[in-house]
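Visitor: return atomic coordinates for the entry below.
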Amino acid sequence: MREVVAIVREGDGVDPREEAKRKRGARRLASTGLDRGVHRQERFAAQIREAIDSALQLAAEPRLNALAVQEVIPQGGSLLVVAGPRDASVPLDVGAASRALRKAAAMLTQEVARAITRKQIPHLVYTVLPAGAARVES
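Guide: Below you'll find the model as predicted:
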């Protein structure tokens, strides 16, 4: 009997409660088909989108007020914030809007930091699309 007990096997030293939690989590993930990391990333992008969109609405610059965040796309180590006109019927000077957005980048980053509690503030890259432009592919 001592020989059988002396052999170290897989799972020795692992708390059975922790092993049961891991198995339950794997079953739940398999049954829902959701990848936990993807869901978190999508939720994070949505939070950033809301924070920047509300900051654009409250900005003192009229060019920024005319912009709305269409989407936030993970791109490499940064996040691409795609903005477009809030009202598609109003013409938008894309160059002037891009310059205004670049000038306001620090303020927008501060607003994101206030709205979302994280250890590090994500690096944000902004682009402005004209009205009716197609979705940006990452």
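
Visitor: tell me which helix or strand in this protein has the weakest average pLDDT.
Guide: The helix or strand of the chain with the poorest confidence is helix 16-32; it has a mean of 76 (mean pLDDT, DSSP states H and E).

Visitor: what sits against Leu56?
Guide: Contacts of Leu56 were listed using CB atoms under 8 Å, 6 or more residues apart in numbering, and they are Leu64, Asn65, Leu67, Ala68, Val69, Ala83, Leu108. (Glycine included, C-beta is placed from N, CA and C.)

Visitor: one more: Ala131?
Guide: Ala131 neighbours (CB under 8 Å, 6+ apart): Gly84, Pro85, Ala88, Ser89, Pro91, Leu92.

Visitor: now the spatially closest residue to the last one that is not a sequence neighbour, what are its backbone angles?
Guide: On the basis of CB to CB, 6 or more residues apart in numbering, the spatially nearest residue to Leu92 that is not a chain neighbour turns out to be Pro85, at 4.3 Å. In this entry, Pro85 is assigned phi and psi values of phi -70, psi 140 (degrees, to the nearest 10).

Visitor: so the residue most central in space within the chain: helix, strand or coil?
Guide: The residue lying closest to the centre of the chain (CA atoms, centre = their mean) is Ala45, at 2.2 Å. Per DSSP: H, G, I helix; E, B strand; the rest coil, the local secondary structure of Ala45 is helix.

Visitor: with that, I have no additional questions.
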